[in-house]
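In: I'd like to go over a predicted model; first the sequence, then the structure.
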Amino acid sequence: LRLAESGGGSVQAGASLRLACTVSGTTSDYSAIGWFRQVSGKDHEGIVCISSSGDTPYYPDAVKGRFTISRDNAKNVVYLQMANLTPEDTAVYYCAADPLRTVDYMCDNVFADWWGRGTQVTVAS
């Protein structure tokens, strides 16, 4: 399974941005998919994960309330809508998917078999 992120860039604080993850396969190829990020000098952290069959996303605490996941299964694209961005959101954002893990395991443990290359998001104050 191949994943490709797009939509990153440089924005001002308070702005919104939508990232896209284009998946080479379909929802039958993975059990969970999600968004992660890595702030420079820090570990990866899970932002939100969702199962291939469900509609209820799982949000670890990091950005709860500001970031929203959605998907277009017909296009095999998963989106991350980010609102009210702050400089602390500056990071490389990754899309990842896994064939077996649950959404909470994947997001809490930052564990997935397949990863995209990431897209940089920079938020200026």
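Out: Yep, it's here.

In: can I assume residue 68 is in contact with residue 78?
Out: No: Residue 68 lies out of contact with residue 78 (CB atoms under 8 Å); the separation is 11.4 Å. Where you see a C-beta, it was placed from the backbone N, CA and C, and this is true even at glycine.

In: could you find the closest non-adjacent residue to residue 67?
Out: residue 82 (5.2 Å; CB to CB, 6 or more residues apart in numbering).

In: and the gap between the one you found and residue 109?
Out: Separation of residue 82 from residue 109 (CB to CB, to the nearest Å): 23 Å.

In: more neighbours: residue 68 and residue 78, which one.
Out: Comparing residue 68 with residue 78 by other CB atoms under 10 Å, the one with more neighbours is residue 78, at 25 against 15.

In: the more buried one pairs with what?
Out: residue 21, residue 71 (DSSP bridges).

In: and the worst-scoring helix or strand of the chain on mean pLDDT, what other elements does it pack with?
Out: For the chain, counting by mean pLDDT, DSSP states H and E, strand 67-72 ranks last in confidence among helices and strands (a mean of 92). Counting contacts by 3 or more CB pairs under 8 Å, 6 or more residues apart in numbering; DSSP states H and E, strand 67-72 packs against strand 32-38, strand 44-51, strand 77-82.

In: can you point out the buried residues in it?
Out: Within strand 67-72, the residues scored as buried using 16 or more other CB atoms under 10 Å are 67, 69, 71.

In: wait, the first one sits on residue 85?
Out: No: checked against CB under 8 Å, the pair residue 67 and residue 85 is beyond contact range at 9.6 Å.

In: ok so, going back, CA atoms of the least confident helix or strand of the chain as CSV?
Out: The C-alpha coordinates for strand 67-72 follow below in CSV (Å, rounded to 0.1, in the frame of the first residue of the first chain):
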residue,chain,number,x,y,z
PHE,A,67,-8.3,18.8,13.6
THR,A,68,-10.8,16.7,11.8
ILE,A,69,-10.4,13.7,9.6
SER,A,70,-12.6,12.9,6.7
ARG,A,71,-12.4,10.7,3.6
ASP,A,72,-13.6,10.2,0.1
